[in-house]
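Q: Fold the following, please.
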Amino acid sequence: MKSITKSVTQLVRPVLLVALLTIASLVNAAGMLDYLTDTDGKYAGPSVEDNIAKMDTDNSGFADVAEVRDFLALKYGNGYQKGILDRWEIAAAGLSCGTTFAKDLTE
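A: Numbering: from 1, shown residues only. Now for the predicted structure:
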């Protein structure tokens with residue numbers, strides 16, 4: 001009898017934990033939706049176009065790597081997503097491909 005009780009207890013604990021985590025996630029998701037939407041249920045935050053326009057400081061019509069890096073540094077602090085932006089900068093400079101053919105084009 002003790003082994004059955006112990007087995008049931010070991011099974012119920014993880015199930016309760018998952019249930020509590022699910023409920024907490026649903027409550028937080030509902031709160032986040034309330035924050036991001038207006039009274040009509042439409043998204044109230046900045047659009048992708050708005051964010052790109054804020055990044056485009058030289059008014060060229062697009063945001064280059066340096067402008068994106070500056071925008072993210074202002075918003076999240078220096079070094080935010082540094083690895084990704086460094087790789088993007090290398091690719092934008094045409095230095096990311098190590099093949100002989102690409103070296104002829106970039107030199």
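Q: mean confidence for the helix or strand containing S3?
A: For S3, the element it lies in under DSSP states H and E is helix 2-36. Confidence over helix 2-36 (mean pLDDT, whole number) is 80.
Q: Distance from the chain centre to that helix, please.
A: Mean-position distance between helix 2-36 and its chain equals 26 Å (Cα atoms, centre = their mean, to the nearest Å).
Q: next structured bit after it?
A: Scanning forward in sequence from helix 2-36 by DSSP H and E, the next helix or strand is helix 48-55.
Q: on contacts alone, who are the packing partners of the helix or strand harbouring L74?
A: Assigned by DSSP H and E, L74 belongs to helix 65-76. Helix 65-76 sits against helix 48-55, helix 82-92, with contacts defined as 3 or more Cβ pairs under 8 Å, 6 or more residues apart in numbering; DSSP states H and E. To be clear about C-beta, it is placed using only N, CA and C from the backbone, and glycine gets the same treatment.
Q: which residues touch it?
A: Applying Cβ atoms under 8 Å, 6 or more residues apart in numbering, the contact partners of helix 65-76 are 51, 54-58, 63, 79-81, 85, 88-89, 92.
Q: I'd like the distance from it to the chain centre, please.
A: Relative to its chain's centre, helix 65-76 lies at 14 Å (Cα atoms, centre = their mean).
Q: Extract the C-alpha trace of that helix and format it as PDB.
A: The C-alpha trace of helix 65-76 is given here as PDB (Å, rounded to 0.1, in the frame of the first residue of the first chain):
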ATOM      1  CA  VAL A  65      23.800  47.600 -39.700                       C
ATOM      2  CA  ALA A  66      25.300  50.600 -38.000                       C
ATOM      3  CA  GLU A  67      21.900  52.300 -37.600                       C
ATOM      4  CA  VAL A  68      20.300  49.100 -36.300                       C
ATOM      5  CA  ARG A  69      23.200  48.700 -33.800                       C
ATOM      6  CA  ASP A  70      22.800  52.300 -32.600                       C
ATOM      7  CA  PHE A  71      19.000  51.900 -32.200                       C
ATOM      8  CA  LEU A  72      19.400  48.700 -30.200                       C
ATOM      9  CA  ALA A  73      22.100  50.200 -28.000                       C
ATOM     10  CA  LEU A  74      19.900  53.100 -27.200                       C
ATOM     11  CA  LYS A  75      17.000  50.800 -26.400                       C
ATOM     12  CA  TYR A  76      18.700  47.900 -24.700                       C
END
